[in-house]
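Q: just coords:
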C-alpha cells in the first residue's frame, strides 16, 4: 500500500500550566458575545473562575450540561444560544460538556433537527467558533471531529461526525484537571489509552482523494500512528500516578498531553471494536464510557492480534511488557473490573449486545480484522469470563 497522512486538528492549540487565563483573549478575536458552557460541578471550581474572569464583553453562562449529553441539555443550551446569538462558544469541562458545546454550535449555525446530522459528513459548513478547555484527560473532544450524544429514541449513544465539529481552539491547562476525582481520572485516562491503541491498530486503507475527503476519519496513517504512539507512551507512564495522587501535576500534565495527542490521532484515524461494543454495554449497564472501553480494550486487542502483530510488538516496546496483559493489568491497578460479569452483564445478553454493535458501521468498519455479530460475541464472551486468551495456543492470563 502507498503511505499517506491526514491531519485535521484545531487551528490553534495552547498547552501548559496557566493557559486557561488565555481564554478571554482568544475569545475576543471572534467578537464580544460569548456563550460559556459548563456543568454544575465545574462551575464551582477555581479553574472555571479563572476562565470566566478572563472573558470580557457580553457573557452568558450555561451550566446545566449533563453526563452523556441528553437531548434536554441540548435543547436548553440551543435555546439560550438562540436568545444570546454568540460570536463564540467557550466550553469548560469534560467530554460531555465539550460535546454539548459542539452540537450547540452546530445547531446555532445551521438549524434543523439534530437527527439531520446523524449521517457522516452531513454538516454543511463551519459551526459557531468553539474554544474547548478540557477538565479531564480522557475524551480528547477538544481536538476531535465527533460529538457523542444520547439519542432519545434508542437511549444509546450516537456520534455526530464532521471535520466542521473540531473546535477552533483547544486550550489545555493541566491545572484544570487537578480536581478530577480518582474514579473520573481512571475512567477518563483509560479511555484516552483506548483512543491511542485503537487509533494505532485501526484498519489501513488504500489512500485516495475520495477516502481522505469523503470521511472525517480515514483509518491509520503516518501522522495518526506517530501521534498515537507518543500518546500511548505518556498515558501508560502517568495514568496510575495520576489516579493514586491527583495533586501530582507532572502526572496530570503527562496525562493531558497524552489525551490531546490521542484525540488528534483518533480524530483522524478513528477507533473501532472497543468503542462500538461500549455503546451497547454502557446502555445496558449505565456504567461510564471510559470504564467500558478500558475493560473491553485488551480483549479487542487480542481479537485483532492475528492482523496486528507488528503494531503489538511496537506497543510492547513502549510499554515494556506484553501489551494486552499490560493494558489489562493497568486497568485492574486503577480500579477497573476484570470482566463484564462484574458490572452486571448477563451472559444471555451478550448476543443482543453483539448484534446491536454491528450496526455502528463507522466503528465496525474501522476494525483491522473483519467483524460480524459472531466475532463481536466472541470478544464479549471472553470479556464476560475475564479470559484474555481468545486463541487456544496463546496464554495471556
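A: Nice, I can see it. Being a predicted model, the structure only gives us computed values, none of them experimental.
Q: List the residues that contact residue 365.
A: Residues in contact with residue 365 (C-beta atoms under 8 Å, 6 or more residues apart in numbering) are residue 203. Every C-beta, even on glycine, is put in place using the N, C-alpha and C of the backbone.
Q: Same check on residue 251?
A: Here residue 251 is in contact with 238, 241-242, 245 (C-beta under 8 Å, 6+ apart).
Q: Now residue 181, what are its backbone angles?
A: phi -60, psi 160 (degrees, to the nearest 10).
Q: all strands of the stretch 51-200 of the chain, in order?
A: Listed in chain order, the strands of the stretch 51-200 of the chain (DSSP state E, counting those that start in this stretch) span 58-62, 88-93, 130-134, 146-150, 157-161, 169-172.
Q: Lowest average confidence across those, which one?
A: Out of these, strand 157-161 stands lowest, with a mean of 88 (criterion: mean pLDDT).
Q: Packing partners of it?
A: Packed against strand 157-161 by the contact rule (3 or more C-beta pairs under 8 Å, 6 or more residues apart in numbering; DSSP states H and E) you find helix 95-110, strand 146-150, helix 273-285.
Q: Swap in 6 Å and give it another go.
A: Counting contacts by 3 or more C-beta pairs under 6 Å, 6 or more residues apart in numbering; DSSP states H and E, strand 157-161 is packed against strand 146-150.
Q: just the angle between the strand it packs on and helix 95-110, please?
A: If you take axes from the mean of the first three to the mean of the last three C-alpha atoms, to 10 degrees, strand 146-150 sits at 100 degrees to helix 95-110.
Q: And for strand 146-150, what's in contact with it?
A: Identification of contacts with strand 146-150 by C-beta atoms under 6 Å, 6 or more residues apart in numbering yields 68-70, 99, 102-103, 157, 159-161, 165.
Q: which element follows the helix or strand hosting residue 210 toward the C-terminus?
A: Element membership of residue 210 [criterion: DSSP states H and E] is helix 209-214. Once helix 209-214 ends, the next helix or strand along the chain (criterion: DSSP H and E) is helix 222-244.
Q: What are the buried residues along that following helix?
A: Across helix 222-244, burial judged by 16 or more other C-beta atoms under 10 Å covers 223-225, 227-239, 242-243.
Q: What about the residue nearest to residue 126 when sequence neighbours are not counted, how many residues nearby?
A: Once flanking residues are discounted, residue 126 sits nearest to residue 164: 5.6 Å by C-beta to C-beta, 6 or more residues apart in numbering. As a burial measure, residue 164 scores 19 neighbours (other C-beta atoms under 10 Å).
Q: Do I have it right that residue 164 meets residue 123?
A: Yes: counting by C-beta atoms under 6 Å, residue 164 touches residue 123, with 4.6 Å between them.
Q: thinking again about what came up before, list just the nearest of the contacts of residue 251 to residue 320.
A: residue 238 (14.3 Å; C-beta to C-beta).
Q: wait, what's in contact with that closest one?
A: Contacts for residue 238 (C-beta under 6 Å, 6+ apart) come out as 251, 254-255.
Q: how close does it sit to residue 55?
A: For residue 238, the distance to residue 55 equals 31 Å [C-beta to C-beta, to the nearest Å].
Q: Likewise for residue 220?
A: 39 Å.
Q: between those two, which one's more packed in?
A: residue 220 (25 against 21).
Q: My guess is the more buried one contacts residue 270. True?
A: No: taking contacts as C-beta under 6 Å, residue 220 lies outside contact range of residue 270: 8.7 Å.
Q: Please report the number of neighbouring residues for residue 37.
A: What residue 37 shows, counting by other C-beta under 10 Å, is a neighbour count of 29.
Q: In contact with it, which residues?
A: Contacts of residue 37 (C-beta under 6 Å, 6+ apart): 62, 91, 97, 101.
Q: If we use 10 Å, what do you get?
A: 60-65, 73, 77, 80-81, 89-93, 97-98, 100-102, 104-105, 130, 132 (C-beta atoms under 10 Å, 6 or more residues apart in numbering).
Q: re earlier: can you list the helices and strands that the helix holding residue 210 packs against?
A: Using 3 or more C-beta pairs under 10 Å, 6 or more residues apart in numbering; DSSP states H and E as the contact criterion, no helix or strand is in contact with helix 209-214.
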